[in-house]
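> could you work out the structure for the sequence below:
(2 chains)
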Amino acid sequence: MRASVGDRIIIRGHRVGEPDRDCEVLEVRGPDGSAPYVVRWGDSGHECLFFPGTDATVQHYEHAN
Amino acid sequence: MRTIDAVRRSGIGIGPERTVRDAAALMEQSGIGSLAVVSGERLVGIVTDRDLVRRALAPGLPHDARVDAVMTMPVVTIAADADLHDAFALFRTHGIRRLAVVRDEQFVGMITVDDLLVDLAGDLADLARPVTAEILFAQRDAAVPATT
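Predicted coordinates for the structure are as follows:
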């Protein structure tokens, strides 16, 4: 997975009825856009280090710079 | 099968300077029971829900106590490309329920006994299906014609 600051990562729910979660990439710690990422969760506002697995997909956004 | 292929969830990490309250909130909101404790790029420990109970709540640590005061270390790890049977052996040898998966000594995810049980249950169900069908819907072979 490759991501840039400002991209959105979506993690699908793991159980029936569990909603998907999303977070915003605040910082890319790996080389060339690879993990880990410092992210902020959309539902709680908490920040953490994120190591994406097969349950995660990234939504890229066009960046001005 | 490689160990990394059996990891079902994205890993969540936390800095050692963060508080036990932050750790508990992250676990609750992410629906997981363990966090990797990462300093810079180095995995320095893991903190589990059990660590929070035994080393923070029970002794009455304040909520703003640092995560590295309650984390488990050293961490038992397995290489991402290692055969999954090696993970079985580590779980058995160390009597643990979570293994940190690393690549080039960097944390990439967590594998749990629960993950392996789910996979095994699926495999067993696949194996049992034809046997179950044979028991429930037995097909009798036609009788061999008598010869004179």
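> show me what counts as buried in the host helix or strand of B:Asp123.
Secondary structure from DSSP states H and E places B:Asp123 in helix B:113-136. For helix B:113-136, the neighbour count (16 or more other C-beta atoms under 10 Å in any protein chain shown) marks B:115-116 as buried. Every residue, glycine included, has its C-beta placed from N, CA and C.
> and it, how far out from the chain's middle?
How far helix B:113-136 lies from its chain's middle: 20 Å, per C-alpha atoms, centre = their mean, to the nearest Å.
> anything in it near chain A?
No - shown here: helix B:113-136 not in contact with chain A (C-beta under 8 Å from any C-beta of the partner chain), separated by at least 10.4 Å.
> quick one: mean pLDDT for that helix?
Across helix B:113-136, the average pLDDT comes to 84.
> ok, now stretch B:61-79?
On average, stretch B:61-79 scores 96.
> look up how far B:Ala138 lies from B:Val108.
According to C-beta to C-beta, to the nearest Å, B:Val108 and B:Ala138 sit 49 Å apart.
> who has more neighbours out of the two?
Using other C-beta atoms under 10 Å in any protein chain shown, the more surrounded residue of B:Val108 and B:Ala138 is B:Val108, with 23 against 7.
> and the pLDDT for that one?
In the prediction, the pLDDT value recorded for B:Val108 is 93.
> from B:Ile96, how far off is it?
Plainly put, B:Val108 is 18 Å away from B:Ile96 if you go by C-beta to C-beta.
> how many neighbouring residues does B:Val101 have?
For B:Val101, the count of nearby residues is 25 (other C-beta under 10 Å).
> and it, what does it touch?
The contact partners of B:Val101, taken as C-beta atoms under 8 Å, 6 or more residues apart in numbering or on different chains, are B:3-4, B:7, B:11, B:77-80, B:107-111.
> tell me how far the residue at minimal distance from the centre of chain B lies from B:Arg129.
The geometric centre of chain B, computed from its C-alpha atoms, lies nearest to B:Thr112 (C-alpha atoms, centre = their mean), at 0.9 Å. Distance of B:Thr112 to B:Arg129, computed by C-beta to C-beta: 26 Å.
> of the contacts of B:Val101, which is the nearest to B:Pro145?
B:Thr3 (56.7 Å; C-beta to C-beta).
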